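Student: Make a model of this:
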Amino acid sequence: MPYIALVVCLIFVAKLWKVDRAASPGLSKALWVPTLWFLYSATRPLNEWFQGGQFIEGGGGGVESGNVLDRYFLSILLVIGLVILNKRRINWPQTIKNNAWLFALFFFMLVSILWSDFPYVSLKRWVRTAGTSIIALVVLSEGDPYEAMHAILRRTIYVVIPLSMLFVKYFPVLGVGFGRWSGQPYYLGVTLNKNSLGEVCAIWMYLYIWTLVWRRDKKEGAQAVRGQTVCELILVLMTLYLMKGPSGYGATGASYSATSIAVLVMGLGIFFTLRHFKARLAQLGRWAAMALVGYAVVAVAMNMLGTSLISVVAPVLGRDATLTNRTDVIWDVLLPIAWQHPVLGLGYGSFWIKPVPNLTYAANEAHNGYLDVFLEQGVVGLILVALVAVMYFRKARNEFPDNFHWAAFRMSYLVMFLFHNWTEATLLRSTELLWNIFVLFTVVYPKEWTGRVDDRLIPVEEEALSPVAAAPTASPARETISALDSGMANALGLQDES
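Tutor: Below you'll find the model as predicted:
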């Protein structure tokens, strides 16, 4: 029975990828490079698949340990990505200018290796993390960056969710893990832990609902291709099953990813709020500032009353005020260490290599992305991360008049990502799906297009063209070429920036 299920699952995945090709007919074959990169970031490291026995939460070296197989695989993808960008004649000065704070952050991470205790390991990790921008630029230089972003997310989900369901139901030795100390069972699927699986599920549920709204609001185009609606509905049912966590295997309590559920609800709430106030988004920057001030006032007031927002929100999500030993066992130990080097930190990628004194909880992250950055990059790193977030916000805000739905998607994801890093650590981690999406949405901005697609060098998958897309009367291709010509002119400085 398990192997029959495996065959059925593979057929279903093949059908999903066929649906994806029909839904995105004009994309180049080069997009498979970022697709493989994203699939890697959404699943386990390659070496993990060759380890025998039941998966234990907190076991092994984790996603940041590194190994030869993964290193060669990612290095090959980065080299191919650079070759593609070179053939597409990417305008690097303009690219760096358009993403100045992101490259400044990468540069500071590189410099911080000088005071790292393990500079060679730190350098390898920096190459992977900074290399995410190369993958993002491959997407940017596609003829239709929006559709390229959509396709990458779909392709990743179309593989991860069905295979995770297969592993959970029929290969539990691979798809179900147990807590090292508690023995609590968790659904892992093809990911490394329940939080990673929860992140993929949350992204898919958001993308699915966003796509439904997008198709409904569009006056023309944006229609589901044949079979897509049924296949995606099946994926939704699988996702809901995976998100609820196991009730068997000796489970004694809630074993779902509460953070992923919280960020999903938050992201959808922000998206529908933006959609409702679509006509009044000119004041979005002011609203964001007011929201931050309001949050600070409420946090201070609750602290004076002897409570906190965490104490109020955690029980709603089925968690205690310590966020499953984060605040007392992990954060209380790490904060004094971080304050010993508050300005520049301990150097990128160096802190979790050796055991942490007095930390009794098995972990290879702080379960707080900002605390991880503070430990390794200090206040300077936190400021640069904040500036990257502001740059992201401005890009998404400026995109509202021309492409509301994608701007709202990116704006909602920014809040989801920043909130998620309050209880999990995905900032500056190349093997985390959420970080890769964040960099993708930060860099990809068609108004700042910095390259061009040469079909003679990067052939388009013509066999995937639908009859409608191949019709001589179709106009999107001409509009795309016109937009690319305009973007190229901007990139080369041949016309003034608007």
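
Student: And the contacts of stretch 341-358?
Tutor: 62, 64, 109-110, 112-119, 121-122, 124-126, 333-334, 337-338, 364-365, 372-381, 428 (CB atoms under 8 Å, 6 or more residues apart in numbering). In short, each C-beta sits where N, CA and C put it, glycine included.

Student: from those, which would you call buried?
Tutor: Among the contacts of stretch 341-358, the ones that count as buried by 16 or more other CB atoms under 10 Å are 62, 64, 109-110, 112-113, 116, 118-119, 121-122, 124-126, 333-334, 337-338, 364-365, 372-378, 380-381, 428.

Student: Where does pLDDT dip in this protein?
Tutor: Across the chain, the ranges flagged by pLDDT under 70 are 50-66, 180-183, 219-222, 248-256, 279-280, 282-328, 360-362, 445-498.

Student: and if we set it to 80?
Tutor: Scanning the chain for pLDDT under 80 picks out 1, 47-67, 178-184, 218-225, 245-258, 278-331, 355, 357-365, 444-498.

Student: Determine which residue lies closest to the centroid of it.
Tutor: Leu434 (2.1 Å; CA atoms, centre = their mean).

Student: Identify the residues contacting the helix or strand that contains that one?
Tutor: Counting by DSSP states H and E, the element that carries Leu434 is helix 433-443. Identification of contacts with helix 433-443 by CB under 8 Å, 6+ apart yields 37-38, 41-42, 99, 102, 129, 132-133, 135-137, 139-140, 149, 152-153, 156, 196, 199-200, 203, 388, 391-392, 395-396, 410, 413-414, 417, 420, 426-430.

Student: returning to what we had before: tell me which of the contacts of stretch 341-358 fall in helices.
Tutor: Counting by DSSP state H, those place 109-110, 112, 119, 121-122, 124-126, 333-334, 337-338, 372-381 in helices.

Student: List the contacts of Val127.
Tutor: 75, 78.

Student: For Leu197, see how far away Leu188 is.
Tutor: Remark: distance between Leu188 and Leu197 (CB to CB, to the nearest Å) = 6 Å.

Student: and what of Leu16?
Tutor: Distance from Leu16 to Leu197, by CB to CB: 18 Å.

Student: With neighbour numbers in mind, choose between these two.
Tutor: Higher neighbour count among Leu16 and Leu197: Leu197, with 31 against 22, using other CB atoms under 10 Å.

Student: The more buried one reaches Gly189, doesn't it?
Tutor: Yes - with contact defined as CB atoms under 8 Å, Leu197 and Gly189 form a contacting pair (4.9 Å).

Student: Spit out the residues that contact those two alike.
Tutor: In contact with both Leu197 and Gly189: 164, 242, using CB under 8 Å, 6+ apart.

Student: Can you report how many residues neighbour Lys29?
Tutor: 11.

Student: Actually, Arg71.
Tutor: Counted with other CB under 10 Å, residues neighbouring Arg71 total 15.

Student: That one touches Val121, doesn't it?
Tutor: No - at 11.1 Å, Arg71 does not count as touching Val121 under the criterion of CB under 8 Å.

Student: Quickly list what's touching both of Leu188 and Leu197.
Tutor: By CB under 8 Å, 6+ apart, the residues touching both Leu188 and Leu197 are Ser164.

Student: All the strands of the chain, residue numbers only.
Tutor: With DSSP state E as the criterion, the chain has strands at 55-57, 176-179, 185-187.

Student: TSV for the ones you listed, including mean neighbour count and distance to Leu166?
Tutor: Converted to TSV, the strands of the chain look like this (neighbours: other CB atoms under 10 Å; distance: least, CB to CB, whole Å):
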stretch	mean neighbour count	distance to Leu166
strand 55-57	18	15
strand 176-179	21	12
strand 185-187	25	12
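
Student: could the ones you listed go into CSV alongside distance to Pro401?
Tutor: Shown next, in CSV, are these (distance: least, CB to CB, whole Å):
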stretch, distance to Pro401
strand 55-57, 46
strand 176-179, 46
strand 185-187, 42
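
Student: Nearest to Phe167 among those would be which one?
Tutor: Of all the strands of the chain, it is strand 176-179 that lies closest to Phe167, at 7.9 Å by CB to CB.

Student: The closest residue to Leu197 other than its chain neighbours: how many residues sit nearby?
Tutor: Nearest residue to Leu197 in three dimensions, chain neighbours excluded: Thr191, at 4.4 Å (CB to CB, 6 or more residues apart in numbering). Neighbour count of Thr191, defined by other CB under 10 Å: 26.

Student: surely Phe38 meets Ile157?
Tutor: No - at 9.8 Å, Phe38 does not count as touching Ile157 under the criterion of CB under 8 Å.

Student: Let me know how buried the closest residue to Ser24 other than its chain neighbours is, in neighbour terms.
Tutor: Closest residue in space to Ser24, ignoring its immediate chain neighbours: Ala151 at 4.3 Å, by CB to CB, 6+ apart. Residues within reach of Ala151, counting by other CB under 10 Å, total 21.

Student: unless I'm mixing things up, Ala151 is touching Leu31, no?
Tutor: Yes - assessed by CB under 8 Å, Ala151 is found in contact with Leu31 at 6.6 Å.

Student: How about the contacts made by Thr158?
Tutor: To be clear, residue 158 is Tyr; Thr isn't right here. Remark: with contacts taken as CB under 8 Å, 6+ apart, Tyr158 is in contact with 13, 16-17, 19-20, 235.

Student: need those residues in JSON lines with distance to His405, can you?
Tutor: Output for the contacts of Tyr158, formatted as JSON lines (distance: CB to CB, whole Å):
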{"residue": "Val13", "distance to His405": "27"}
{"residue": "Leu16", "distance to His405": "23"}
{"residue": "Trp17", "distance to His405": "24"}
{"residue": "Val19", "distance to His405": "21"}
{"residue": "Asp20", "distance to His405": "19"}
{"residue": "Leu235", "distance to His405": "21"}
